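Enquirer: just need the structure, nothing else, for what follows:
(chains A and B)
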Number of protein chains: 2
Amino acid sequence: MAHDIRIVTETELRQAVGLDLQTVDVIEKAFLALASGRVVMPPIMSMELEETGGEVDAKTAYIPGFDSFALKVSTGFYGNADLGLPSLSGLMMLFSAKTGLVEAVFLDNGYLTDIRTAAAGAVAARHLAPAEVRTAGVIGTGLQARLQIEAAHLVRPFPRVLVHGRNPAKAAACAADLARSLGIEAGVTPDAETLVRQSQLVVTTTPAREPVLMADWLHPGLHVTAMGSDADYKNEIEAGALARADLYVCDRVSQCEALGELRSARAAGVWSGATPPELGEIIAGGHPGRRTEADITICDLTGTGAQDTAIATHVNAIPGVEGTVITA
Amino acid sequence: MAHDIRIVTETELRQAVGLDLQTVDVIEKAFLALASGRVVMPPIMSMELEETGGEVDAKTAYIPGFDSFALKVSTGFYGNADLGLPSLSGLMMLFSAKTGLVEAVFLDNGYLTDIRTAAAGAVAARHLAPAEVRTAGVIGTGLQARLQIEAAHLVRPFPRVLVHGRNPAKAAACAADLARSLGIEAGVTPDAETLVRQSQLVVTTTPAREPVLMADWLHPGLHVTAMGSDADYKNEIEAGALARADLYVCDRVSQCEALGELRSARAAGVWSGATPPELGEIIAGGHPGRRTEADITICDLTGTGAQDTAIATHVNAIPGVEGTVITA
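Expert: Have a look, this model is predicted:
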């Protein structure tokens, strides 16, 4: 039956919503909802196209009390750089939770995913990082490295950031961008260890298949957010680090044990038995978070459909996001 | 990066593509591709919204040699009838298999799913039904009951159809519609057994959770297509029927054993061991199909992402399907 569907472009979405404390609060509510146990969130649908070096993920979640739910498709095609195209793209759809009818299609080319992913990093930092962060570090030099540091800076306004990446020129460009966007001191380190040892907050944002952050580098008063691993062949954090930390937290245990650092730690035999807490439980107060400034904490973010439903519902309610209405 | 995306409405799609032999051939090619073993087709993503009686499915598949792949979202909200809305809806997206960029969004409200599902029934009938079908029967009275019979009639032009449903008025309306659309004799039967005993081709199109077709009713020269079960709580065919048939065929074994009649048969302990053939293998000639006119055959259709990629790619290539081009 014909009904109105709003089609909104990336340009319109960028004008409507950005990476700010309001967005962080929206994503924090998604984690809180996950802790309620009433969110319906099926396993991620994932497809690899070996012939073209592409991967496709679909995520969805229904959050009780929300009038709509999102279904998001992310694509990552790593040959795109050679074509002058960004590797990551995708779109989000919003459906009525009452009728299932499509309400809106956000042709965001991955923009909403970018900011909801960065906002999740800020939520983790807000609830797990030490109160005082003098230096933040990021391992990885892509768009998400910049966004994670910008997001973390919203909740821990550190005066200094360090960047490390395999490609020194890209690391320097990332540091320069962050110095400009945040107005803080920004430098690069030739090795990841120096970065970790000098930082109180570290974010890893790589597609690494071998650890880029070692257990021996952990030091009192460090928080690490590992947001790179989202596949069963990815691994950023040395397995021993999870057991050595005072607290290891998942965004969603069922995802982290399939796609995150928990998978690698279990495979290495260094994490047995106990189910780690989820970020939402920490926020809700159902599980203790950081107990002292000297604690070592690690948060493992694989990205959840609940974040997608939260950001898409939020964007849909912003006045002035008109888009193109199509009757279909 | 901004690129052109075509948005096509249900009305435009209905003008461009219908249920005809060309569509049946397109879907047959999808099954043939599945038999090649080179299609990438992840498990269906499924979400149930108990609070609103809704279910959401997402399917996708990459078929080698195709420039694009589809990802399709289907919604079924069974309280919609009370609101004067159709229960089933959804949309299809087409992505470049080379870059992952969104190429088109088909706001079809489930129309393309309806016809690709019916077309699969025709493919099954073409390859498995006896050469001569004098009477076809359908158990179920919804839109898909009509479409399945119209599709089967394209490949087996039977002069008579029987309809059975729990609601006699709906069965009569379905029969009247089929008499009109196909110009053939159409009647209703008060019980399903009479329908099955009088038919050479039977299609079950119900959301039944208990069998609506019993093993004892099977008779020489019968072909049954069971297309209703697509969830782990649905079951249309009595378990014993699968073992009693001369040939039982899946659209996709991995899906039928999780969501189709094979799941029920295995749960009942009447199907052990041997993996049944897939429809594509029958089409490709890799597995024998019907051997004699007296054989009893059953085909279990759960619906595959390959069908979605095939129909969406086909529609996208039809000249004149312009839609609305949005640069996003």
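Enquirer: any low-confidence regions in the stretch 1-150 of chain A?
Expert: A:1 (pLDDT under 70).
Enquirer: so where do the strands sit in it?
Expert: A:4-9, A:45-49, A:54-61, A:68-77, A:88-96, A:102-107, A:135-139 (DSSP state E, counting those that start in this stretch).
Enquirer: helices or strands next to the first one in the packing?
Expert: In this structure, strand A:4-9 makes packing contacts with strand A:102-107, strand A:324-327, strand B:324-327, judged by 3 or more C-beta pairs under 8 Å, 6 or more residues apart in numbering or on different chains; DSSP states H and E. Every C-beta, even on glycine, is put in place using the N, C-alpha and C of the backbone.
Enquirer: which residues touch that strand?
Expert: A:102-108, A:315-316, A:321-328, B:2, B:7, B:105, B:107, B:324, B:326-328 (C-beta atoms under 8 Å, 6 or more residues apart in numbering or on different chains).
Enquirer: out of these, which are buried?
Expert: A:102-108, A:315-316, A:321, A:323-324, A:326, A:328, B:7, B:105, B:107, B:324, B:326, B:328 (16 or more other C-beta atoms under 10 Å in any protein chain shown).
Enquirer: quick one: the helices in chain A?
Expert: A:10-16, A:21-35, A:111-128, A:143-155, A:168-182, A:192-198, A:239-244, A:253-259, A:261-267, A:279-284, A:305-316 (DSSP state H).
Enquirer: the fourth one: which residues count as buried?
Expert: Meaning helix A:143-155. For helix A:143-155, the neighbour count (16+ other C-beta under 10 Å) marks A:143-155 as buried.
Enquirer: ok, residues contacting it?
Expert: With C-beta under 8 Å, 6+ apart, helix A:143-155 has contacts from A:19-21, A:24, A:114-115, A:117-119, A:121-122, A:125-126, A:129, A:133, A:136, A:138, A:158, A:161, A:163, A:165, A:174, A:177-178, A:181-182, A:184, A:201, A:203, A:205, A:225, A:227.
Enquirer: and the buried residues of helix A:143-155, which is closest to B:E210?
Expert: Nearest to B:E210 among the buried residues of helix A:143-155, counting by C-beta to C-beta, is A:Q144 at 50.2 Å.
Enquirer: for A:N80, what are its contacts?
Expert: A:N80 neighbours (C-beta under 8 Å, 6+ apart): A:P86, A:S87, B:T99, B:G100.
Enquirer: ditto for A:L83
Expert: B:T99.
Enquirer: cool, and A:Y248?
Expert: A:L242, A:L262, A:W271, A:P276, A:T297, A:I298, A:C299, A:D300.
Enquirer: buried among those residues? Make that a PyMOL selection.
Expert: To isolate the buried members of the contacts of A:Y248 in PyMOL, using 16+ other C-beta under 10 Å:
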select buried, chain A and resi 242+262+271+276+297+298+299+300
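Enquirer: just the contacts of A:Y248: which are in strands?
Expert: Within the contacts of A:Y248, residues falling in strands by DSSP state E are A:T297, A:I298, A:C299, A:D300.
Enquirer: out of those residues, which comes closest to chain B?
Expert: A:D300 (22.1 Å; C-beta to the nearest C-beta).
Enquirer: any idea which of the contacts of A:N80 has the most stuff around it?
Expert: B:G100 (29 neighbours; other C-beta atoms under 10 Å in any protein chain shown).
Enquirer: skipping adjacent residues, who's closest to it in space?
Expert: Once flanking residues are discounted, B:G100 sits nearest to A:T75: 3.1 Å by C-beta to C-beta, 6 or more residues apart in numbering or on different chains.
Enquirer: just checking, that neighbour touches B:A97?
Expert: No. Here A:T75 does not reach B:A97: they are 10.2 Å apart, not a contact under C-beta atoms under 8 Å.
Enquirer: neighbour count: the two, which is higher?
Expert: Applying other C-beta under 10 Å to A:T75 and B:A97 shows that A:T75 carries more neighbours, namely 26 against 23.
Enquirer: number of nearby residues for the residue lying closest to A:V123 once chain neighbours are set aside?
Expert: Spatially, and ignoring its direct neighbours in sequence, A:V123 is nearest to A:E28 (4.7 Å; C-beta to C-beta, 6+ apart). Neighbours of A:E28 under the rule other C-beta under 10 Å: 22.
Enquirer: kindly report the residues of the stretch 51-200 of chain A close to chain B.
Expert: A:51-52, A:54, A:56, A:58, A:60-62, A:64, A:69, A:71, A:73, A:75-77, A:79-80, A:83, A:85-86, A:89-91, A:93, A:95, A:97-102, A:105, A:107-109 (C-beta under 8 Å from any C-beta of the partner chain).
Enquirer: give me the pLDDT value at A:V321.
Expert: Looking at A:V321, its pLDDT is 86.
Enquirer: who touches it in this structure?
Expert: A:V321 sits in contact with A:R6, A:V8, A:E12, A:L13, A:A16, A:V315, where contact means C-beta under 8 Å, 6+ apart.
Enquirer: okay, now the closest residue in space to A:I63 that isn't next to it in sequence: neighbour count?
Expert: Leaving aside its sequence neighbours, A:I63 sits nearest to A:A33 (C-beta to C-beta, 6+ apart; 4.7 Å). Using other C-beta under 10 Å, the number of residues around A:A33 comes to 23.
Enquirer: so what's A:A33 up against?
Expert: A:A33 touches A:V39, A:I63, A:P64, A:G65, A:G280, A:A306, A:A310, counting by C-beta under 8 Å, 6+ apart.
Enquirer: any idea how far chain B is from the closest residue to A:L19 other than its chain neighbours?
Expert: Nearest residue to A:L19 in three dimensions, chain neighbours excluded: A:I115, at 4.8 Å (C-beta to C-beta, 6+ apart). Separation of A:I115 from chain B (C-beta to the nearest C-beta, to the nearest Å): 17 Å.
Enquirer: same deal with A:M41?
Expert: Counting by C-beta to the nearest C-beta - A:M41 and chain B are separated by 8 Å.
Enquirer: wait, doesn't A:G79 sit right on A:E51?
Expert: No. Counting by C-beta under 8 Å, A:G79 stays clear of A:E51, with 10.4 Å between them.
Enquirer: ok and the residue in the stretch 101-250 of chain A nearest chain B?
Expert: For the stretch 101-250 of chain A, C-beta to the nearest C-beta, closest residue to chain B: A:L107, 3.5 Å.
Enquirer: tell me the contacts of that residue?
Expert: With C-beta under 8 Å, 6+ apart, A:L107 has these contacts: A:I7, A:V8, A:T9, A:E10, A:L91, B:I5, B:V102, B:V105, B:I326, B:A328.
Enquirer: quick one, what contacts A:A2?
Expert: A:T327, A:A328, B:T9, B:E10, B:T11.
Enquirer: surely the second one meets B:T11?
Expert: Just to be clear, that refers to A:A328. Yes. Taking C-beta under 8 Å as the definition, A:A328 is a contact partner of B:T11 at 7.5 Å.
Enquirer: most widely separated two among the contacts of A:L107?
Expert: Longest span within these, C-beta to C-beta: A:E10 and B:V105, 14.2 Å.
Enquirer: tell me the contacts of A:A306?
Expert: Contacts of A:A306 by C-beta under 8 Å, 6+ apart are A:A30, A:F31, A:A33, A:L34, A:V39, A:M41, A:A61, A:I63.
Enquirer: quick one, phi psi at the last one?
Expert: The reference is to A:I63. The phi/psi pair for A:I63 (degrees, to the nearest 10) reads phi -110, psi 120.
Enquirer: I'd say it and A:L32 touch.
Expert: No. Contact criterion C-beta under 8 Å: A:I63 and A:L32 do not qualify, at 9.8 Å.
Enquirer: the two - which one has more neighbours?
Expert: Counted by other C-beta under 10 Å, A:I63 and A:L32 do not tie: A:I63 has more neighbours, with 24 against 18.
Enquirer: how near is the more buried one to A:N167?
Expert: A:I63 is 39 Å from A:N167, where distance means C-beta to C-beta, to the nearest Å.
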